[in-house]
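Participant: Build me a model:
(one chain, ligands or ions: 1)
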Amino acid sequence: MNIILLGPPGAGKGTQAGMLVESRNMVQLSTGDMLREARTSGTEMGNIVADVMDRGDLVTDEIVIGLIREKLEAGGDHGGFIFDGFPRTLAQADALGELLAEFGQGLDHVIELQVNDEVLVERILGRAAEAVAAGGTARADDNEESLKVRLMAYYKQTSPLIGYYHAKGDLKSVDGLGEIEAVKADIAAILG
Ligand code: B4P
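Facilitator: Numbering: from 1, shown residues only. This is a model prediction of the structure:
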């Protein structure tokens, strides 16, 4: 079973994907995590990625699609892929469809987590404050300025995917405002 978790920054995609890995032996493909790993590589590509992410903008389709291709090529024995934070543009969505076809796979569900901006801001700035309170550092893009850009990028470049997958009949929407366990139960009801 292959699924996409779609939603704005802080909607809980990463949180829910992590729990699906535990309960269903699925593999989480978080482009955010892959890009955070790339930025620590010290390569030219890593430096470009770091600047774009810190600003809150989207990294180029070419880089992100390349990262996903590598993961699909690696294959493995598991319960399917959770695409967490990918696709984020229509070009990425088209590329994912082509990649899955190339590897003889399909897409089973696209789950949209619905959360309003007020709560998203509260969660992300809350995560930043918690990290600092624990003696660590906040994620470089978990600040008010970058968050504004992240939300703009979501509404402009990613939200059109809701109509795209709705038209294909793949879209299911879940209220992402509830407690983490409540959101988990709603997703489990969709996956069966
Ligand atoms: P991501 O790493 O994907 O980060 P995100 O969208 O901000 O987070 P997510 O929705 O997973 O929220 P989380 O569960 O962590 O992207 C970061 C950046 O990478 C992007 O801005 C972009 O630059 C780049 N990027 C990534 N993918 C890309 C792509 N495909 N194309 C181009 N660029 C790309 O939850 C956030 C907080 O909320 C946590 O503290 C969590 O504990 C809390 N929370 C979650 N669910 C909750 C709930 N139900 N109730 C209360 N709190 C909850």
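
Participant: show me where this protein has strands.
Facilitator: 3-6, 27-30, 81-84, 109-114, 171-175 (DSSP state E).

Participant: Report the separation between the closest residue to His109 other than its chain neighbours and Gly104.
Facilitator: Once flanking residues are discounted, His109 sits nearest to Ile3: 4.5 Å by C-beta to C-beta, 6 or more residues apart in numbering. (Glycine included, C-beta is placed from N, CA and C.) Separation of Ile3 from Gly104 (C-beta to C-beta, to the nearest Å): 17 Å.

Participant: and what of Glu73?
Facilitator: For Glu73, the distance to Gly104 - C-beta to C-beta - is 13 Å.

Participant: and if you look at Gln16?
Facilitator: 27 Å.

Participant: if we can go back for a sec, more neighbours: Glu73 and Gly104, which one.
Facilitator: Ranked by neighbour count (other C-beta atoms under 10 Å), Glu73 and Gly104 place Glu73 first, with 10 against 6.

Participant: Excluding residues flanking it in the chain, which one is nearest that one?
Facilitator: Spatial nearest neighbour of Glu73, chain neighbours left out: Phe103 (7.9 Å); criterion: C-beta to C-beta, 6+ apart.

Participant: What is the neighbour count of that neighbour?
Facilitator: 13.

Participant: I figured it was touching Lys71, is that so?
Facilitator: No. Phe103 is beyond contact range of Lys71, at 10.5 Å (criterion: C-beta atoms under 8 Å).

Participant: For the ligand, what's the nearest residue on this structure?
Facilitator: As assessed by C-beta to the nearest ligand atom, the ligand sits closest to Gly32 within the chain, at 1.9 Å.

Participant: is the ligand contacted by the helix ranked longest in the chain?
Facilitator: For the chain, the longest helix by residue count, based on DSSP state H, is helix 117-133. Yes. Using C-beta under 6 Å from any ligand atom, helix 117-133 reaches the ligand at Arg123, Ile124, Arg127.
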